[in-house]
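Engineer: What follows is a predicted structure for the sequence shown.
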Amino acid sequence: MCDTLVLLLPGEGDDNIPILSTVAKSIDEALGGAIGSYIKEESFEAKAGAAAMFPVFGKAVKRVVLVGLGDKEPSREAGAAIGGAIKRLKGGSVGVAHAEGVEAQALVEGLLLGLHADKRFQGTKTPEKDKAPKGPEKVEMLGYSSAEDIEKAGAIAAGVVFARELVNAPANIVDPLNLTAAAADMAQRLGLSSKILDEKECEAMGMGSFLAVSRASNLGARLIHLTYSPGGEVKRKLGIVGKGLTFDSGSMIELMKFDMGGSASTLGAAAAIAQLKPKDVEVHFVIATCENMVSGNSGALRPGDIITAMDGTTIEVNNTDAEGRLTLADALLYCQQQGVTEVIDIATLTGACMVALGKDITGMWSNSDELAASLDAASKSTDEKLWRMPLEDGYFEGLKSDFADMKNTGPRFGGAITAALFLQKFIQKACDLAHSWWSVGGWVGGSVGWFSSLLQAREKTYSVY
């Protein structure tokens, strides 16, 4: 018997009056009507994501957690509500009772992510640290029939947590060298192949666009290439490219540790996919990582400089704070050399995207309706908001240069679109492209679920951990 019991309750109509299933009614009866009394006395509404915990006296179960489903399809939101409620516990066991129509995978994903708390940087002298609740010791899914779904959820949540913790770490800890080390270590543990190119190797390959960004930093640059191979026939080759600026000395400078969020999501996806082991698909994960710093070094990037990408394209730099696209240009070209026919880049690329869509919706640009539709379906299945934006070819006029093949930024208006058009110039005709650009509103692990979704009978009790 568990110490804490979790019940999922659908709401009925606009007033969200909870509906007790036959199972919930029998539990309520065993608990002496405590559930029904609490709902009535506290006017609990089973809105999606609502959660309430109350004690039970004189019974084997010490407390009950009610979580509302509303009238929505059960999703990660309910799991996150469970996690948020039970992370306040100081040990003990939790049982999540099966509810009709609730699938285990989305629920467990949300639960594990809701339980996650990153306290790595709280010093040993922080008085509250030792007294803070540490959550339950054990969580069980009661009556759920698919161990495979729960294992998938664990793999995806682990990838999301990996991505979150990379982004949370300050730039003096996650720098280009440490990000590279973390990627290589993860690849070795999970069975991915890894290849790391240093600056000399990148220079030999002609990555002038990427290396121009890194030259003001004493830490240099690295190109990270991880590969997932299915071990059998390969029917698809997919590339995922993440922006890896571990610090950017441009605008919003106090927040710029998150400018490597695209690379964190890429590595989180790599970690999840390595555990999920999708069939028939080979996935290449590519990250060009460096810092964008200011320096008196004569090689540092300056406005007006003309640099050359791997394919010979010359770029006039009219904005040194539009550095991410310069690193991604060479990373995309390198990724396509691996034979991928679909490539997705993911980055904290433009403030213009946040102006257009706010903090909670990801902008997506694609030259392929089929790939865009696949990403849209994956985003819906993982409850991550994605909106396809236009690739307006006429806007490329704003990127034309009198001195080079193109500039790295266009006019003020339509800045997110011109950034997409810039990157599209580095995509070969045989390859489909999708750009996914995000803001800072809780999205960082979302792409892990997208990519996992893009690629992939009897009742029993299963342990989550």
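Structural biologist: Structure received. Numbering: from 1, shown residues only.

Engineer: In the chain, where is pLDDT below threshold?
Structural biologist: Filtered on pLDDT under 70, the chain yields the residue ranges 13, 73-74, 124-132, 437-465.

Engineer: make it 80
Structural biologist: Counting by pLDDT under 80, the chain contains low-confidence residues at 1, 12-15, 71-75, 123-133, 145-146, 250-252, 297-298, 383, 435-465.

Engineer: can you list the domain ranges for it.
Structural biologist: Per automatic domain parsing, the structural domains of the chain span 4-145, 156-454.

Engineer: Go through those domains and pick out the most buried.
Structural biologist: Most buried of those, by mean neighbour count (mean count of other CB atoms under 10 Å): domain 156-454, with a mean of 20. C-betas here are computed from N, CA, C, even on glycine.

Engineer: could you point out the longest helix in the chain?
Structural biologist: If you go by DSSP state H, the chain has its longest helix at helix 147-168.

Engineer: So which residues make contact with the helix or strand just after that helix?
Structural biologist: Per DSSP states H and E, the first helix or strand lying C-terminal to helix 147-168 is helix 176-190. For helix 176-190, the surrounding residues in contact (CB atoms under 8 Å, 6 or more residues apart in numbering) are 162, 166, 174, 192-194, 196, 214, 217, 219-222, 224, 226, 244, 246, 260, 263, 267, 270-271, 274-275, 287, 289-291.

Engineer: Among those, which are located in helices?
Structural biologist: The subset of these located in helices under the criterion DSSP H comprises Phe162, Leu166, Ser214, Ser263, Leu267, Ala270, Ala271, Ala274, Gln275.

Engineer: Same list, those, but as TSV with distance to Ala331 please.
Structural biologist: Output for these, formatted as TSV (distance: CB to CB, whole Å):
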residue	distance to Ala331
Phe162	20
Leu166	17
Ser214	13
Ser263	10
Leu267	14
Ala270	15
Ala271	19
Ala274	20
Gln275	24
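
Engineer: Spatially, which two of those residues are the most separated?
Structural biologist: The span of the ones in helices among the contacts of helix 176-190, defined through CB to CB, is set by Ser214 and Gln275 at 31.9 Å.

Engineer: any idea how far Thr308 is from Glu370?
Structural biologist: From Glu370 across to Thr308, the span is 33 Å (CB to CB, to the nearest Å).

Engineer: cool, Leu211 as well?
Structural biologist: Between Leu211 and Thr308 the distance is 10 Å, computed by CB to CB.

Engineer: Touching, Gly32 and Val64? I think so.
Structural biologist: No: the criterion here is CB atoms under 8 Å, and Gly32 misses it with Val64 at 11.7 Å.

Engineer: ok, and the closest residue in space to Gly250 that isn't next to it in sequence, which helix or strand is that part of?
Structural biologist: Spatially, and ignoring its direct neighbours in sequence, Gly250 is nearest to Asp321 (3.3 Å; CB to CB, 6 or more residues apart in numbering). Assessed by DSSP H and E, Asp321 sits outside every helix and strand.

Engineer: got the contact list for Asp321?
Structural biologist: By CB under 8 Å, 6+ apart, Asp321 lies in contact with Asp248, Gly250, Ser251, Asn292.

Engineer: can you pull the contacts of the last one?
Structural biologist: Same thing as Asn292. Residues near Asn292 by CB under 8 Å, 6+ apart: 213-214, 216-217, 245, 247-250, 259, 301, 320-321, 323.

Engineer: TSV for those, including distance to Leu399?
Structural biologist: Supplementary listing: the contacts of Asn292 in TSV, determined by distance: CB to CB, whole Å:
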residue	distance to Leu399
Val213	18
Ser214	23
Ala216	24
Ser217	26
Leu245	21
Phe247	26
Asp248	21
Ser249	24
Gly250	19
Asp259	22
Leu301	18
Thr320	16
Asp321	16
Glu323	16
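
Engineer: Just the ones in strands from the residues you listed, please.
Structural biologist: Members of those lying in strands (criterion: DSSP state E): Leu245, Phe247, Asp248.

Engineer: Which residue is the nearest non-sequential neighbour of the second one?
Structural biologist: Beyond its immediate neighbours in the sequence, the residue positioned closest to Phe247 (CB to CB, 6+ apart) is Ala171, lying 3.8 Å away.
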